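A.B. asks: Provided below for reference: sequence and predicted model.
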Amino acid sequence: MNASSIPGLIGTLIDLIRTTPQLGLLIRARKSFGVSVDTSGTSCVVSLGWTVYGIITKQPYVTLASGVMASFFLLITVVALRLGRRAREFRIAPLWLIVLIASGLSFGTNGLGAVLSISVLASNIPQIRVAYNEKNLSALSLETWLLSLSGGLVWGLYGILGRDYSIIASAFFQVTTSIMIIALKIFKSAKDDALEHDPA
């Protein structure tokens, strides 16, 4: 067991459970307020890309975590669509699928790794936009984004120990965007609580 195995194992465990709070909240609430299907759809595409990258680069932790996450992101997307989100919200997901396939076919592992390193931006920016623009974020799971933040920190350490710059860059963007989504969720929840308890 090498030095990167421990954060790889921890990152895999976090990623195995990361999306379950969001899926559970959607199913319990039967509402999809504040959830971006473009983010979940793009995250499914990106997770499939990381699965391929993990297989090519012989990184079983990356392969396992990404494969499971792709399945959960697909479930979140389907459930959110059934609960009222619209297919027309997909803007980045189909485009990013083409970008990942083209980069992998044209430039091999290095091209795929380079695009995957910024893919978390493509995945999470739609969620930032939805969280900023929509008033009701009741169906957006804070726990999922806290796990995303934790996972980003752990995968960053994994990338540093393994000197994998694609994983380091991706982890940096995951941490940054997760913090923004967490901040929007907390701010809007606090604002809603204040309005509910305002006697005026």
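C.D. replies: Structure received.
A.B. asks: show me which helix runs longest in the chain.
C.D. replies: In the chain, assigned by DSSP state H, the helix with the most residues is helix 92-133.
A.B. asks: by contact count, what packs against it?
C.D. replies: Packing partners of helix 92-133 (3 or more C-beta pairs under 8 Å, 6 or more residues apart in numbering; DSSP states H and E): helix 37-56, helix 165-196. Any C-beta I mention is one placed from the backbone N, CA and C, and that applies to glycine too.
A.B. asks: and the spatially most central residue of the chain, what's its pLDDT?
C.D. replies: Most central in the chain under C-alpha atoms, centre = their mean is residue 43, positioned 5.3 Å from the mean C-alpha point. Looking at residue 43, its pLDDT is 96.
A.B. asks: and the one 4 residues further on, by the same measure?
C.D. replies: You'll see residue 47 listed with a pLDDT of 95.
A.B. asks: equivalent analysis for the one 4 residues further on, please.
C.D. replies: In the prediction, the pLDDT value recorded for residue 51 is 96.
A.B. asks: give the contact list for it.
C.D. replies: Residue 51 makes contact with 62-63, 66-67, 70 under the criterion C-beta atoms under 8 Å, 6 or more residues apart in numbering.
A.B. asks: least confident of the helices and strands packed on helix 92-133, on average?
C.D. replies: Minimum mean pLDDT among those: helix 165-196, a mean of 88.
A.B. asks: packing partners of it?
C.D. replies: helix 92-133, helix 142-162.
A.B. asks: off-centre distance for it?
C.D. replies: Helix 165-196 has its C-alpha centroid displaced from the chain centroid by 12 Å (C-alpha atoms, centre = their mean, to the nearest Å).
A.B. asks: kindly report the same for stretch 6-13.
C.D. replies: Distance of stretch 6-13 from its chain centroid, counting by C-alpha atoms, centre = their mean, is 16 Å.
A.B. asks: and that stretch, what's buried?
C.D. replies: Going by neighbour count (16 or more other C-beta atoms under 10 Å), the buried part of stretch 6-13 is 7-12.
A.B. asks: check stretch 164-180 too.
C.D. replies: Those would be 164, 166-175, 177-178, 180, for stretch 164-180 by 16+ other C-beta under 10 Å.
A.B. asks: wait, residue 159 touches residue 165, no?
C.D. replies: Yes. Under the criterion of C-beta atoms under 8 Å, residue 159 makes contact with residue 165 at 7.1 Å.
A.B. asks: and the helix or strand containing residue 74, what does it pack onto?
C.D. replies: Assigned by DSSP states H and E, residue 74 belongs to helix 60-82. Under the contact criterion of 3+ C-beta pairs under 8 Å, 6+ apart, helix 60-82 touches helix 5-18, helix 20-29, helix 37-56.
A.B. asks: the last one versus helix 165-196: what angle between them?
C.D. replies: Read that as helix 37-56. 150 degrees (axes from the mean of the first three to the mean of the last three C-alpha atoms, to 10 degrees).
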